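J.: here is my input; please provide its structure:
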Amino acid sequence: MSVWLPTAPCRPETCLADPAPAVSRPRRALRLAACLAAVLAGVLLSLPLRLLPYGTRERLIRLWARVLLHTLGVTVHLGTPGGTLGGGTLVVANHVSWLDIPLIAAGRPGRSLAKTEVRRWPVLGPLIAWGGTVFLDRDRLRALPDTVAAVAEVLRAGQPVIVFPEGSTWCGRESGRFRPALFQAAVEAGAFVQPVTIRYRLADGRPTSVPAFIGDDGLLTSLARVVAVRGLVADVTFLPPIPPPAPPATPAGARRELARTAQAAVEGIR
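T.: Predicted structure coming up:
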């Protein structure tokens, strides 16, 4: 789910060549069918879910995200040494895969920022849109200030927003710089920033880039690769929140400081 920057320089022929144990073809088909059922259930329940109290809705979203990941054969290890803040928090994470959003939702649901192309994804696109996603056209940089303002408004309303400030997906072996633009939303809203680290590995502990969503990868191609893996594990760590810089920091200096501090926290764990 790239935001507005060009595709990351990871090379698919290198990053996606990791050997990984595979499940049988019938098991892959079963996982795909279960995943489709979970997604369709999410689509059908998304509208009535909005009528529930916020706390109940959040618990159900966490449960749904964990069920979805389970259908794909992904084991989630959730770490919260920094706790998970309630209210309007800018949740920022390194970006590897389309799996990143349900992984974060399994620990801290929130509204997401995604590229406009995601709307056209089969089945998942409408679900993501109905979930209150803020969309950004990365081909129209002039729209960025409006997107920042929209994110700040959501934060002021007391709702968390999930963003990936690297701007594009990376394979996990390499990573990108946290771009400061979206941190401006936290500055304007006076919101905390919570860094999150996402790492993928196999059951034996070896890092894997199989879930990486890079290059010209299509969603269905990536999905087929994920359901084929045996013992895929995702480690998700919610790190201590970062308070907004105190005055008299300038807006530009404040967002750059937040970006540097958040990236340092994420890289320290990775």
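J.: helix, strand, or coil at residue 195?
T.: Here residue 195 is strand, with the state taken from DSSP: H, G, I helix; E, B strand; the rest coil.
J.: residues contacting it?
T.: Shown in contact with residue 195 (Cβ atoms under 8 Å, 6 or more residues apart in numbering): 82, 92-93, 239, 242, 262-263, 265-266. Every C-beta, even on glycine, is put in place using the N, C-alpha and C of the backbone.
J.: beta partners of it?
T.: Note on residue 195: beta-bridge partners residue 92, judged by DSSP bridges.
J.: please tell me how far it sits from residue 238.
T.: For residue 195, the distance to residue 238 equals 8 Å [Cβ to Cβ, to the nearest Å].
J.: what residue, apart from its backbone neighbours, is nearest the most centrally placed residue in the chain spatially?
T.: Centroid-nearest residue in the chain: residue 101, 3.2 Å away (criterion: Cα atoms, centre = their mean). Among residues not flanking residue 101 along the chain, residue 112 sits closest, at 5.5 Å (Cβ to Cβ, 6 or more residues apart in numbering).
J.: gap between the one you found and residue 224?
T.: Distance, residue 112 to residue 224, by Cβ to Cβ: 24 Å.
J.: so for these two, which sits in the more crowded spot?
T.: Between residue 112 and residue 224, residue 112 has the larger neighbour count (other Cβ atoms under 10 Å), namely 23 against 13.
J.: any idea which element residue 150 lies in?
T.: According to DSSP states H and E, residue 150 maps onto helix 144-156.
J.: list the buried ones in that helix?
T.: 144, 147-148, 150-155 (16 or more other Cβ atoms under 10 Å).
J.: could you list the single helix or strand in the protein with the lowest mean pLDDT?
T.: Across the helices and strands of the chain, the lowest-confidence element by mean pLDDT, DSSP states H and E is helix 12-15, at a mean of 53.
J.: would you turn the buried residues of helix 144-156 into a markdown table with distance to residue 33 and pLDDT?
T.: Below are the buried residues of helix 144-156 laid out as a markdown table (distance: Cβ to Cβ, whole Å; pLDDT from 0 to 100):
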| residue | distance to residue 33 | pLDDT |
| --- | --- | --- |
| 144 | 40 | 81 |
| 147 | 36 | 86 |
| 148 | 40 | 90 |
| 150 | 37 | 88 |
| 151 | 36 | 91 |
| 152 | 41 | 92 |
| 153 | 40 | 92 |
| 154 | 35 | 91 |
| 155 | 38 | 93 |
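J.: packing partners of the longest helix seen in the chain?
T.: As assigned by DSSP state H, the longest helix anywhere in the chain is helix 25-49. The helices and strands touching helix 25-49, judged by 3 or more Cβ pairs under 8 Å, 6 or more residues apart in numbering; DSSP states H and E, are helix 54-71, helix 124-130, helix 219-227.
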